[in-house]
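A.B. asks: Build the 3D model from these lines:
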Amino acid sequence: MNGRLVVHAFAGQGDFSLAPLLGALDAQDVVEEALEEVAAEGDAVAGEFGVAPVVSRLLSGELRSSRELADGPVGTPQYALFACSVAVHRALCRSGFAPDRVVGMSFGDIAACVAAGMLDVADGTRIACLVARALTGHPGGMLLVEPPATDGDPEAEAHRLLAALHLPGLTLACVNDDRRVILTGPSDTVTLAEQLLLGLALPVVRLRLPFLCHHPELEDDARRFVESIRDVRVDVARLPVHSSLLGRAYRPDDDVREVLSYGLTRPARLPGVLRQAVGGGPALLLEAGTGSALTRSAREVFAGRDVTAVAPLTADGFAWVTGVSNGR
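C.D. replies: Predicted coordinates:
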């Protein structure tokens with residue numbers, strides 16, 4: 001893309017809304033065509049887990065709100081997020097913006113692996129639904145927090161904040177950028193933490209996720225999850241996949257099934273893998289999803305660099321072009 005590296009970034013569960021996708025479906029044939037493909041490959045598999053044909057219902061206009069996803073059977077929001085992310089990625093490829101590299105943030109690793117050809121859509125759907133089942137038995141909450149800036153290390157600052165709060169079960173879930181982190185814990189603990197953080201005048205937002213994630217309490221579930229996907233076929237990646245769960249790109253000797261389980265129990269760290277994926281030259285980073293949280297994080301991480309970060313579904317005038325491919 002005019003000598004620029006193109007990177008697709010796939011978000012986790014904290015930033016998913018149907019409204020931008022529905023707007024794109026009304027205006028962009030290339031997005032609709034990509035979503036139809038994903039429906040054909042994933043809806044039936046999701047049905048095996050009791051999840052209604054979410055993508056087909058989106059295309060028909062029957063499904064119009066994120067609230068309906070949240071009220072659906074276990075796995076409904078997760079399958080919808082995964083499917084929409086893959087569809088946006090495919091639409092970008094057809095519009096001449098195929099990636100040189102991809103980045104997965106937490107749950108977004110699943111779609112990133114599909115984009116790179118390591119997994120197919122059917123197995124990605126299976127994995128997304130199994131992740132949802134693992135999370136369901138652990139009610140809790142998540143807080144997006146901007147800790148006090150002391151030494152410019154958001155993870156160290158988060159651990160100092162956790163030590164000061166001293167709330168049992170509250171732990172670091174994600175490092176989003178050089179300023180923001182996500183904390184997770186049991187529901188009552190998260191509610192108390194939110195009150196205390198607001199009392200300290202710190203920026204804090206409670207995410208609309210009613211479960212623990214990236215939490216050591218899910219160790220047993222993580223082991224069962226890995227065993228449940230042992231038969232999933234993993235192919236050689238066609239392009240580098242940079243994982244926030246690994247802190248680097250996948251290597252051929254990595255057990256992808258094991259790495260995907262890390263999203264249940266270990267923190268996800270985005271800034272380092274964004275920097276690795278982009279490298280030192282100019283780059284265009286595109287958020288393959290319906291939100292813009294990764295775009296905001298990338299702009300924070302790459303401030304002052306020749307890196308353009310865009311969330312295509314929420315950007316005014318993004319240049320979708322049906323039927324174009326840059327061959328990658």
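
A.B. asks: Low-confidence ranges, the stretch 201-328 of the chain, go.
C.D. replies: By pLDDT under 70, the low-scoring segments of the stretch 201-328 of the chain are 322-328.

A.B. asks: Regarding residue 158, what is its secondary structure?
C.D. replies: At residue 158 the chain is in helix, as set by DSSP: H, G, I helix; E, B strand; the rest coil.

A.B. asks: List the residues that contact it.
C.D. replies: Counting by C-beta atoms under 8 Å, 6 or more residues apart in numbering, residue 158 touches 145, 147, 172, 175, 181, 183. Every residue, glycine included, has its C-beta placed from N, CA and C.

A.B. asks: Now with 6 Å, please.
C.D. replies: 147, 172, 181 (C-beta atoms under 6 Å, 6 or more residues apart in numbering).

A.B. asks: How about the last one: what's its closest non-neighbour residue?
C.D. replies: In this case it means residue 181. residue 158 (4.3 Å; C-beta to C-beta, 6 or more residues apart in numbering).

A.B. asks: Equivalent analysis for the first one, please.
C.D. replies: For residue 147, the nearest residue in space outside its immediate sequence neighbours is residue 157; the separation is 4.0 Å by C-beta to C-beta, 6+ apart.

A.B. asks: re earlier: could you redo the contacts of residue 158 as CSV and give each row distance to residue 116, secondary structure and neighbour count?
C.D. replies: Conversion of the contacts of residue 158 to CSV gives the following (distance: C-beta to C-beta, whole Å; DSSP: H, G, I helix; E, B strand; the rest coil; neighbours: other C-beta atoms under 10 Å):
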residue, distance to residue 116, secondary structure, neighbour count
147, 33, coil, 25
172, 27, strand, 22
181, 27, strand, 24
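
A.B. asks: so where do the helices sit in the chain?
C.D. replies: 18-27, 29-47, 54-60, 66-70, 76-94, 108-115, 121-136, 154-165, 187-199, 219-228, 256-265, 270-278, 293-301 (DSSP state H).

A.B. asks: do you know how far residue 46 is from residue 12?
C.D. replies: 19 Å (C-beta to C-beta, to the nearest Å).

A.B. asks: Of the two, which one has the most company?
C.D. replies: residue 12 (30 against 27; other C-beta atoms under 10 Å).

A.B. asks: how close does the nearest residue to residue 80 once chain neighbours are set aside sit to residue 211?
C.D. replies: Nearest non-adjacent residue to residue 80, counting by C-beta to C-beta, 6+ apart: residue 54, 4.8 Å away. To residue 211, residue 54 is 19 Å away according to C-beta to C-beta.

A.B. asks: okay, those two: which has more neighbours?
C.D. replies: residue 54 (28 against 19).

A.B. asks: mind checking pLDDT for the more buried one?
C.D. replies: On the pLDDT scale, residue 54 is placed at 89.

A.B. asks: And it, how far from residue 44?
C.D. replies: Taken as C-beta to C-beta, the span from residue 54 to residue 44 is 12 Å.

A.B. asks: All set now, cheers.
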